[in-house]
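Peer 1: here's a sequence, model it:
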Amino acid sequence: MRRGVAFEEANVLANIAMLTAISNQVISDQEPAAYLEYELGFCDERELLARLDSLLISPQAYEAAKNNDYQRFIAIRADDLLRWAGDLMRGEMPARPPLTDSPEIVRHGMTVTVEDNDTED
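Peer 2: Below is the predicted model:
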């Protein structure tokens, strides 16, 4: 989210999301409302919110982005990231409501499995 915002102001942690190079090229130099609308052409809003959640972008930050409100987006996202980081530093799971009612998906999302598939040991 940068349109109309100086590089120095846009180059902050709260404005960084891990995207593929293709996604980054697609949204480059577009207002957030435009690229969020573009994404809604491929999925419904619930799916988009789930995708944004995987990038640690809350529904409230999404609403600010959808309204091209950069200052509000940054304020909300910075607060969310700080709260989530604090939870993790205390050894707690970040307080985030699950986006699904399926107990199996929620349980799976709360566990981590490390698999080594690229070596023969």
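Peer 1: which phi and psi does residue 88 have?
Peer 2: Here is the backbone geometry of residue 88 (degrees, to the nearest 10): phi -60, psi -40.
Peer 1: residue nearest the centroid of this structure?
Peer 2: Nearest to the geometric centre of the chain sits residue 55, at 2.5 Å (C-alpha atoms, centre = their mean).
Peer 1: ok, that residue - contacts?
Peer 2: Contacts here follow C-beta atoms under 8 Å, 6 or more residues apart in numbering; on that basis residue 55 touches 17, 18, 19. Yep, even glycine has a C-beta here, placed from its N, CA and C like the rest.
Peer 1: quick check: the last one vs residue 51, distance?
Peer 2: To residue 51, residue 19 is 11 Å away according to C-beta to C-beta, to the nearest Å.
Peer 1: where's residue 9, which helix or strand?
Peer 2: When elements are assigned from DSSP states H and E, residue 9 belongs to helix 7-10.
Peer 1: likewise for residue 62?
Peer 2: Assigned by DSSP H and E, residue 62 falls in helix 59-66.
Peer 1: pretty sure residue 13 is touching residue 81, no?
Peer 2: Yes: with contact defined as C-beta atoms under 8 Å, residue 13 and residue 81 form a contacting pair (6.9 Å).
Peer 1: between the two, which one's more packed in?
Peer 2: Counted by other C-beta atoms under 10 Å, residue 13 and residue 81 do not tie: residue 81 has more neighbours, with 18 against 10.
Peer 1: got a list of what that one touches?
Peer 2: Contacts for residue 81 (C-beta under 8 Å, 6+ apart) come out as 13, 14, 56.
Peer 1: quick one: secondary structure of residue 80?
Peer 2: helix (DSSP: H, G, I helix; E, B strand; the rest coil).
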